[in-house]
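S.K.: Give me the fold of what follows.
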Amino acid sequence: MTALRAMVVGTGALGRHHARILAGLSDVELRAVAEPNEAVGRAVAAAHGAQWIADCRELLDQIDLAVIAVPTVAHHGLARELLSAGIDLFVEKPLTHRADQARELVDLSRATGRILQVGHVERYNPAFLAARHSVCDPKYIRSERVSPYSFRSTDIGVVFDMMIHDIDLVLSLVAEPVLAVEAFGVTVMGEHEDVAQARLRFPGGCIADLSASRVSPVSRRSMQVWSGDGCVQIDFAAREAAVYRPTPTLLFGTPPVDRARQPGANIDQLKADVFGTLIEVQKPLAVPRDQLTEELLAFVESVRTREPPEVSGEQGLTAVETAEAILDSIARHQWDATAHGRVGPLLATGMPRQKMAG
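M.R.: Have a look, this model is predicted:
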């Protein structure tokens, strides 16, 4: 099997891991690492037997596939050049920070026949993979994704930096276009929102509440998915999932509340019976695996087979469109219920960013 010639563009926190993983794949040759910082680029390239170049355009005729892992604002220009050069492309999430740019890349990938995959890595989280088959016709989804401030990805706010993961996961589970968006946000560290709350409504009745913060003292990444037959809980950090469903005893027996009201009812036993006798608890096996490796393996497989990737450019575009709608709602949010009051993402002082700047 002929090895695919690969290039990684950008050697930041994720780029260096992409280089390491691609260099370790038996059917891939990491040909080049493109990084304007010579010292960093040379070090990463040397560690994996690749050539360092300052500009990815230097070796386009020697590359079959590339990974773009640079700041989000640079995604569009680089991806457009690489797709136009006939290179299959993996772009770290988000695809771009503007829907019109993302749409252009999707159209270009179709026109050139190139694979375009987006790095929504949580799709490959073992807990999500284990739990997703237990989700049927979701009606309410709640996600929480919070972490301390990292001083990375400061070119975008928390919606495109962190919430975009859960936007993509929700869209993959509901499989419907978003009907309506309500959101608000708070800025703390810079010019972009650092805390955001969003509610998505779907035509089939599903509601999704998304919470994201990058100024939290703790880290949490979790999701609850409710449907007509129970609840699925996913802990993305612990890589664990649990499925809760009512048992026949709960569905067809005497209601527990009625039993509790009977004279001499054993309340302690009823409490002990909730999980097990009344509500069945299953913990689907989450097969241990490195999700970054899994998504790169999927990308390489798509390049070889020419089959659409699991997370396509089209799906990345839909996530960007939804994120853009959330940001628009944040910008229009009226904190005092009047257009003459405070509008938009607020600072910790309670003042809009634009007014504070003046």
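S.K.: Got the domain ranges for the protein?
M.R.: The record's domain parsing of the chain by automatic domain parsing lists 4-121+291-309, 124-282.
S.K.: residues in contact with residue 55?
M.R.: 34, 36 (CB atoms under 8 Å, 6 or more residues apart in numbering). Yep, even glycine has a C-beta here, placed from its N, CA and C like the rest.
S.K.: ok, now how distant is it from residue 183?
M.R.: As judged by CB to CB, to the nearest Å, residue 55 and residue 183 stand 38 Å apart.
S.K.: thinking again about what came up before, out of the domains of the chain, flag the one nearest residue 339.
M.R.: domain 124-282 (15.3 Å; CB to CB).
S.K.: Give me the mean pLDDT for that closest one.
M.R.: Averaging pLDDT along domain 124-282 gives 95.
S.K.: Span of it from start to end?
M.R.: One end of domain 124-282 sits 21 Å from the other (CA to CA, to the nearest Å).
S.K.: separation between the residue nearest the centre of the chain and residue 213?
M.R.: Nearest to the mean C-alpha position of the chain, counting by CA atoms, centre = their mean, stands residue 165 at 1.6 Å. According to CB to CB, residue 165 and residue 213 sit 13 Å apart.
S.K.: Give me the common contacts of these two.
M.R.: residue 145.
S.K.: Go over the secondary structure and confirm residue 178 is in a strand.
M.R.: No. Counting by DSSP: H, G, I helix; E, B strand; the rest coil, residue 178 is not found in a strand; it is coil.
S.K.: Buried residues of the longest helix seen in the chain, list them for me.
M.R.: Ranked by number of residues, the top helix in the chain under DSSP state H is helix 313-332. For helix 313-332, burial by neighbour count (16 or more other CB atoms under 10 Å) applies to 313-327, 329-330.
S.K.: again, but for stretch 207-220
M.R.: Neighbour-count burial for stretch 207-220 [16+ other CB under 10 Å]: 207-216.
S.K.: and if you look at stretch 119-139?
M.R.: Quick answer for stretch 119-139 (16+ other CB under 10 Å): 119-132, 134-135, 138.
S.K.: what comes into contact with the longest helix of the chain?
M.R.: With CB under 8 Å, 6+ apart as the criterion, helix 313-332 contacts 91, 93-99, 102-103, 105-106, 109, 116-118, 120, 157, 159-160, 163-164, 167-168, 171-172, 177-178, 181-185, 193, 196, 198, 200, 343-345.
S.K.: from those residues, which would you call buried?
M.R.: 91, 93-99, 102-103, 105-106, 109, 116-118, 120, 157, 159-160, 163-164, 167-168, 171-172, 178, 181, 183-185, 193, 196, 198, 200, 343-345.
S.K.: Go through the residues you listed and flag which are in helices.
M.R.: Per DSSP H, the buried ones among the contacts of helix 313-332 map to helices at 99, 102-103, 105-106, 109, 164, 167-168, 171-172.
S.K.: hang on, isn't residue 119 packed against residue 90?
M.R.: Yes. Using CB atoms under 8 Å, residue 119 is in contact with residue 90, at 6.4 Å.
S.K.: Pull the residues that contact stretch 263-279.
M.R.: Residues from elsewhere that reach stretch 263-279 (CB under 8 Å, 6+ apart): 244-247, 249-250, 256, 259-260, 281.
S.K.: That stretch: end-to-end distance?
M.R.: Note: stretch 263-279 ends 24 Å apart using CA to CA.
S.K.: do stretch 111-125 as well
M.R.: End to end - CA to CA - stretch 111-125 spans 32 Å.
S.K.: now that stretch: how far from the chain's centre is it?
M.R.: 12 Å (CA atoms, centre = their mean, to the nearest Å).
S.K.: all helices in the stretch 151-300 of the chain, in order from the N-terminus.
M.R.: All helices of the stretch 151-300 of the chain, identified by DSSP state H, counting those that start in this stretch, fall at 158, 164-174, 248-252, 256-261, 267-273, 291-305.
S.K.: Of the ones you listed, which is nearest residue 72?
M.R.: Among the helices of the stretch 151-300 of the chain, if distance is taken as CB to CB, the winner is helix 164-174, at 9.7 Å.
S.K.: now for that closest one, which elements pack on it?
M.R.: On a contact count with 3 or more CB pairs under 8 Å, 6 or more residues apart in numbering; DSSP states H and E, helix 164-174 meets strand 140-146, strand 207-213, strand 220-227, helix 313-332.
S.K.: give me that answer again for 10 Å
M.R.: With contacts taken as 3 or more CB pairs under 10 Å, 6 or more residues apart in numbering; DSSP states H and E, helix 164-174 sits against helix 126-131, strand 140-146, strand 195-201, strand 207-213, strand 220-227, helix 313-332.
S.K.: Kindly reformat the ones you listed as JSON lines containing distance to residue 24.
M.R.: Below are the helices and strands packed on helix 164-174 laid out as JSON lines (distance: least, CB to CB, whole Å):
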{"stretch": "helix 126-131", "distance to residue 24": "20"}
{"stretch": "strand 140-146", "distance to residue 24": "29"}
{"stretch": "strand 195-201", "distance to residue 24": "36"}
{"stretch": "strand 207-213", "distance to residue 24": "32"}
{"stretch": "strand 220-227", "distance to residue 24": "26"}
{"stretch": "helix 313-332", "distance to residue 24": "26"}
